[in-house]
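>>> requesting a structural model of the entry that follows:
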Amino acid sequence: MRRYSFVVGLIVLALLVISMPASAKGGRAGAIGEVYVTSQGLYYDTFVTAESLPMSGRFQLLVDGTTEFGPGDPGYLGGRWWIDANANGLQDEGDTFLLCPLLGPGRTSPRGS
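Have a look, this model is predicted:
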């Protein structure tokens with residue numbers, strides 16, 4: 001299970017890297033991805049600081065680069081993300097736990113549009 005979680009983490013990291021280099025699309029230098037926050041209607045740049053956190057403490061659900069709470073919202077956990085890699089709706093051994101802070105200010109449209 002740990003190997004599966006590691007592989008999923010690498011896939012997530014690759015998707016963030018492929019999503020567009022920030023400097024080429026007017027984003028922040030060093031940012032490698034973006035997250036859409038539904039409660040704010042804003043996109044935030046992000047980067048992975050830890051691609052494999054232990055399954056302890058609180059994590060916020062991240063689905064296809066979208067989440068409910070962002071900076072300033074009571075439910076935002078500072079970029080501690082949980083990806084339901086085994087699609088069972090529970091935070092458990094088969095999932096991926098990452099640290100990817102959201103960098104303000106948020107934007108109303110994605111990079112490059």
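>>> ok, which stretches of the chain are strands?
For the chain, the strands defined by DSSP state E occupy 33-37, 42-46, 60-61, 66-67, 80-83, 96-99, 102-107.
>>> select, out of these, the one closest to Pro74.
With Cβ to Cβ as the measure, strand 60-61 is the member of those nearest Pro74 (11.5 Å). Using the backbone N, CA and C atoms, a C-beta is placed for each residue, glycine as well.
>>> so what strands line up beside that closest one?
On the basis of DSSP bridges, the sheet neighbours of strand 60-61 come out as strand 80-83 (parallel).
>>> circling back: the strands of the chain into a markdown table, with extra columns for distance to Leu90, mean pLDDT and mean neighbour count?
Formatted as a markdown table, the strands of the chain follow (distance: least, Cβ to Cβ, whole Å; pLDDT from 0 to 100; neighbours: other Cβ atoms under 10 Å):
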| stretch | distance to Leu90 | mean pLDDT | mean neighbour count |
| --- | --- | --- | --- |
| strand 33-37 | 22 | 95 | 21 |
| strand 42-46 | 24 | 95 | 22 |
| strand 60-61 | 11 | 96 | 16 |
| strand 66-67 | 18 | 97 | 18 |
| strand 80-83 | 10 | 94 | 21 |
| strand 96-99 | 13 | 92 | 22 |
| strand 102-107 | 25 | 94 | 16 |
